[in-house]
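Engineer: Turn this into a structure:
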Amino acid sequence: MAAFSVRMVHVLVLWLAVCLSGTWAVDKGNFKTCDQSSFCKRQRALKPGESPYRVLLETMELTNTRLTLQLINDNNKVRLLLELYRLQGNITRVKINELKPLKPRYEVPDVLVREPPTEPLSVLSQDENGVVLSLGAESQRVIVSARPFRLDIMEGHNVLMSLNSRGLLAFEHLRMRKDTFSYKVTSTVASVWDNIKRVFSSQAEPEAEKKDEADPANQAETAKEEEEKVEEGMWEETFKSHSDSKPNGPSAVSLDFSLPGVEHVYGIPEHAEPLKLKTTESGDPYRLYNLDVFQYELYNPMALYGAVPVMLAHNTKRTTGIFWLNAAETWVDISSNTAGKTVFGKMLDYVQGSSETPQTDVRWISESGIIDVFLMLGPTPKDVFSQYASLTGTQSFPPLSSLGYHQCRWNYNDQEDVRSVDAGFDEHDIPYDFIWLDIEHTDGKRYFTWDPHKFATPKDMLQGLMDKKRKMVAIVDPHIKIDNNYKIHNEIRSRGFYVKNKDGGDYEGWCWPGSAGYPDFTRADMRAWWASMFAYDQYEGSMENLYTWNDMNEPSVFNGPEVTMHKDAVHGSWEHRDVHNLYGLYVQMATADGLIQRSGGVERPFVLTRAFFAGSQRYGAVWTGDNAAEWDHLKISIPMCLSLGLVGISFCGADVGGFFKSPSPELLVRWYQTGAYQPFFRAHAHLDTPRREPWLFGPENLALIRDVVRQRYTFLPYWYQLFYNAYRTGEPVMRPLWVEYPQDPATFAVDDEFLIGRDLLVHPVTDEGSRGVTAYLPGKDEFWYDIHTFHKHNGAQNLYIPVTMSSIPVFQRGGSIIPRKLRVRRSSSCMEHDPYTLFVALNPQRTAEGELYIDDGHTFNYEKKEFIHRRFSFANNVLSSVNIAPDAKFTTKSWVERIIVLGASKPSKITLRTAGE
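Structural biologist: Numbers count the residues shown, from 1 in each chain. Just a heads-up that it's a prediction; the model follows:
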């Protein structure tokens, strides 16, 4: 073992040398393509055509909550169970599993906030070709066709969505390996039994034989499988030097969906790709498999840190969504009959009377588990957000301070360095709320500890920040140093909480501490124990202003296959392949629970995670990972966060300035100007990069950065209100233009500008040396006001905007009222009691409305109705305020000190009336 350990240290040093060298590009050879992932290669080899699956209509059962039908694969006689549910809120759920699997197949727990409530299904008609079911509202119905199996969801005469219309349903049933001793014994016994039955059945009546064959249970027991081809990678698979034993054999599932009338699909993050998803026929599918990808490549469908298997489809008439609830490695293929056609080509089709309806086809392929898919039928974008939120929950309501500015690098050296940086922000009059510590603050990469020399008195450091109403975030990663003198390791090992390897021992891999164990966060008891470690008497040196960052939780395993955990590692009854994409969600869940519990359930947590899945929005914030100081990385941060917002994760940002490399002063300034208008606003940098605190780039650049950070703080009331709305409704905070202008095709592919809520439009400057940008201002008969100059512009136009280094084009929508705080102080908490200024932007009808939400900014007391929520309206030259939460109670020292009306002439007099006058 000693020799092994020495060798592994050399491997780790070599890995770090490669990672920290001047080669600043992803090594794609470390990560699989579809052809190198055997199940993806097998499934993708299937071509559209007639499906081998048909419906056994005689097996149909209909109850108040669901419809069940059996499907049979005519090639191998394996039966599947189809379950169909009509859910409240215009959602249809489709589940497909083996009727009698050899062993249970994994079904994803803990992602849905509850078992979704159902509504009754009713049969409208039935014959030998299929069955038609009513979905209730607006003539919606489901048509289940029997031969071959196909499912269509219709509204009136329009097909909204079709399943298996291309015949690509595939369900690899669990089976025994044919070259094993147990299989040979079982098959011999079965053969003898078949011979015995054949003797007796020769005397049976023909009708009885026919009845026996029709009996589904009996047929499932006695059906002979067709000889199935054993392909490479079915029972074991090797990638580079890593072997995957695959004890359960092939278990992939796949299903295709057709979306008539759709040319634009979005979502399935995380990918460094444009907002509108591209077709994948000429390359790899989009991959969903949480991975630590060093220096990721842009405009590539390869997997990144997080995976949310949700896709939205949109056209001028409708928005729909597909939620594929599967946590295994997943690939998503997209094809379109209009892909590659130019605008001229589409116009030519129109002139020539082409009758081809645009259509997008999507195919989901997962390595294991079952098919469990939720079809969210809209019809509006906000309906889809509400539908998805009803399934997986909404964005957690963050502490107000976490919406301020965060200063981070790998690493601030010691307590004196922290004190110096903190003082630098005061000296240069730049507000901030959080300063961050990366892995070097610990005692030898032992999380929940402090370096005894560099951070000897952490409470003194934290108290110094608290005195200025500031906070700190410290990193706590989920790989645990294997060290018998380390309390956390000893506790996890003694309780049996580590993930196991295929042979039953504790799984070990290499990460920052060297040899590390990986806690099994899929276990509720492990998560409860982890949460308890954040208690003030357990996490020495921690205080109430210390929050948490979960990094490396894909999980990252430096010496593992694709820099992650082996798929045949074991979590209780399940393989890691079944649960992989859930791991990061569970880490963040347990950490957030710990921060809540340490305060007795009073204080809201703040937890940043790198890995995520559907439902992660309930536990905190995410960021786009280890980006680079390049202009294209600045550009891609916009569609990456927009895509996350569309699937429920609103609290998103990118490392300002880029994590790797060193930004030019121009790039740094432009990144601050962009990041200040994204939900999570944090600067971060790699250990080997020069320091980049804002005052290190000369007085001119310092002034530009100071100005935009201060802009962020003036808008905190608006950001906070939007996060409250996201918490209540599931609507994204940062959103694409098409969400608010769903009938304007000009907005459908825009991803170089965005909306914050519905009332602020931001077009960051993301090109080097830019002297101007062209912003699309949507909305016919609308006004947009430049927030800096108050100049008014008409909507439905492309507006060219000359820019200088001080410019960030931001516009307020006419018809809106936005509350701001113009007295900027050193942190958000210092501004708590300051007054508001209302910016009233008039529309062509000279009206406007907006909201103001106020609570204490940090506790869960809003759940007890301790808040203020008012609506402002301007009409007929009168500004009024209405309490829209009359049952809520809260007292604030703040007041409205100023009202600025955009688009109005100077009044001759102003009259103020208070309630009761």
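
Engineer: Quick check: residue 827 touching residue 467?
Structural biologist: No - contact criterion C-beta atoms under 8 Å: residue 827 and residue 467 do not qualify, at 11.2 Å. Heads up, the C-betas are built off the backbone N, CA and C, glycines and all.

Engineer: For these two, work out which one has more neighbours and name it.
Structural biologist: Legend: neighbour count by other C-beta atoms under 10 Å for residue 827 and residue 467, higher for residue 827 (22 against 8).

Engineer: List phi and psi for residue 472.
Structural biologist: Backbone torsions of residue 472, given as degrees, to the nearest 10, read phi -130, psi 150.

Engineer: err, residue 828, not the other one
Structural biologist: According to degrees, to the nearest 10, residue 828 has phi -60, psi -40.

Engineer: residue contacts, it?
Structural biologist: Taking C-beta atoms under 8 Å, 6 or more residues apart in numbering, we find residue 828 in contact with 400-401, 403-404, 431, 433, 713, 716, 857.

Engineer: Go through these and say which is closest to residue 142.
Structural biologist: Closest approach to residue 142 among the contacts of residue 828 (C-beta to C-beta): residue 403, at 43.1 Å.

Engineer: Can you report how many residues neighbour the closest residue to the closest one other than its chain neighbours?
Structural biologist: Spatial nearest neighbour of residue 403, excluding adjacent residues (C-beta to C-beta, 6 or more residues apart in numbering): residue 719 at 4.8 Å. Residue 719 has 23 neighbouring residues, counting by other C-beta under 10 Å.

Engineer: what do you get for the one 4 residues further on?
Structural biologist: A count of nearby residues for residue 723, using other C-beta under 10 Å, gives 23.

Engineer: Tell me the buried residues in the helix or strand harbouring it?
Structural biologist: Assigned by DSSP states H and E, residue 723 falls within helix 716-729. For helix 716-729, a neighbour-count test (16 or more other C-beta atoms under 10 Å) marks 716-727 as buried.

Engineer: just to revisit the earlier point, in this structure the residue nearest to residue 403 contacts residue 726, no?
Structural biologist: No - using C-beta under 8 Å, residue 719 makes no contact with residue 726, being 10.4 Å away.

Engineer: Find residues that contact each of those two.
Structural biologist: Shared contacts of residue 719 and residue 726, defined by C-beta under 8 Å, 6+ apart, comprise residue 733.

Engineer: So residue 568 versus residue 657, what's the distance?
Structural biologist: With distances taken as C-beta to C-beta, to the nearest Å, residue 568 is found 40 Å from residue 657.

Engineer: just residue 56 next, same as before
Structural biologist: Residue 56 is 61 Å from residue 657, by C-beta to C-beta.

Engineer: So between these two, which is more surrounded?
Structural biologist: Legend: neighbour count by other C-beta under 10 Å for residue 56 and residue 657, higher for residue 657 (28 against 17).

Engineer: how far away is that one from residue 800?
Structural biologist: In terms of C-beta to C-beta, residue 657 sits 28 Å off from residue 800.

Engineer: what do you get for residue 811?
Structural biologist: For residue 811 relative to residue 800 (C-beta to C-beta), the value is 14 Å.

Engineer: Check residue 172 too.
Structural biologist: Distance from residue 172 to residue 800, by C-beta to C-beta: 55 Å.

Engineer: what about these two, which has more around it?
Structural biologist: Neighbours were counted for residue 172 and for residue 800 using other C-beta under 10 Å; residue 172 has more, 21 against 9.

Engineer: so what's that one up against?
Structural biologist: 39, 250-253.

Engineer: Just these: which are in strands?
Structural biologist: Among these, the residues falling in strands (DSSP state E) are residue 253.

Engineer: quick one: average confidence on the helix or strand containing residue 667?
Structural biologist: Using DSSP H and E, the element containing residue 667 is helix 665-675. Averaging pLDDT along helix 665-675 gives 98.

Engineer: Ok, stretch 757-772 next?
Structural biologist: Here the average pLDDT along stretch 757-772 is 98.

Engineer: Can you list the buried residues in that stretch?
Structural biologist: 757, 759-766, 770.

Engineer: Between the two ends of that stretch, what distance do you get?
Structural biologist: 25 Å (C-alpha to C-alpha, to the nearest Å).

Engineer: Off-centre distance for that stretch?
Structural biologist: Offset of stretch 757-772 from its chain centre (C-alpha atoms, centre = their mean, to the nearest Å): 24 Å.

Engineer: what does stretch 790-797 give?
Structural biologist: That offset, for stretch 790-797, works out to 34 Å (C-alpha atoms, centre = their mean).

Engineer: Same check on stretch 229-249?
Structural biologist: Distance, centroid of stretch 229-249 to centroid of chain: 30 Å (C-alpha atoms, centre = their mean).

Engineer: which residues are contacting it?
Structural biologist: Contacts of stretch 229-249 (C-beta under 8 Å, 6+ apart): 29-30, 32, 36, 38-39, 41-42, 103, 174-175, 177-178, 250, 368, 502, 560-562, 566-568, 575.

Engineer: Mean confidence (pLDDT) on that stretch, please.
Structural biologist: 95.

Engineer: Now do the end-to-end distance for that stretch.
Structural biologist: 13 Å.

Engineer: what's the neighbour count on residue 413?
Structural biologist: Residue 413: 14 neighbours (other C-beta under 10 Å).

Engineer: I should have written residue 70 there, sorry.
Structural biologist: What residue 70 shows, counting by other C-beta under 10 Å, is a neighbour count of 20.

Engineer: ok, it - contacts?
Structural biologist: 55-56, 59, 79-82, 99, 216.

Engineer: Put the buried members of the residues you listed into a ChimeraX selection.
Structural biologist: Selection of buried members from the contacts of residue 70 for ChimeraX, criterion 16+ other C-beta under 10 Å:
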select :55,56,59,79,80,81,82,99
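
Engineer: ok, the contacts of residue 70 vs residue 914, which is closest?
Structural biologist: Nearest to residue 914 among those, with distances taken as C-beta to C-beta, is residue 82, at 63.2 Å.

Engineer: helix/strand/coil for the closest residue in space to that closest one that isn't next to it in sequence?
Structural biologist: Nearest in space to residue 82, with sequence neighbours left out and distances taken as C-beta to C-beta, 6+ apart, is residue 69 at 4.6 Å. Under DSSP: H, G, I helix; E, B strand; the rest coil, the three-state class of residue 69 is strand.
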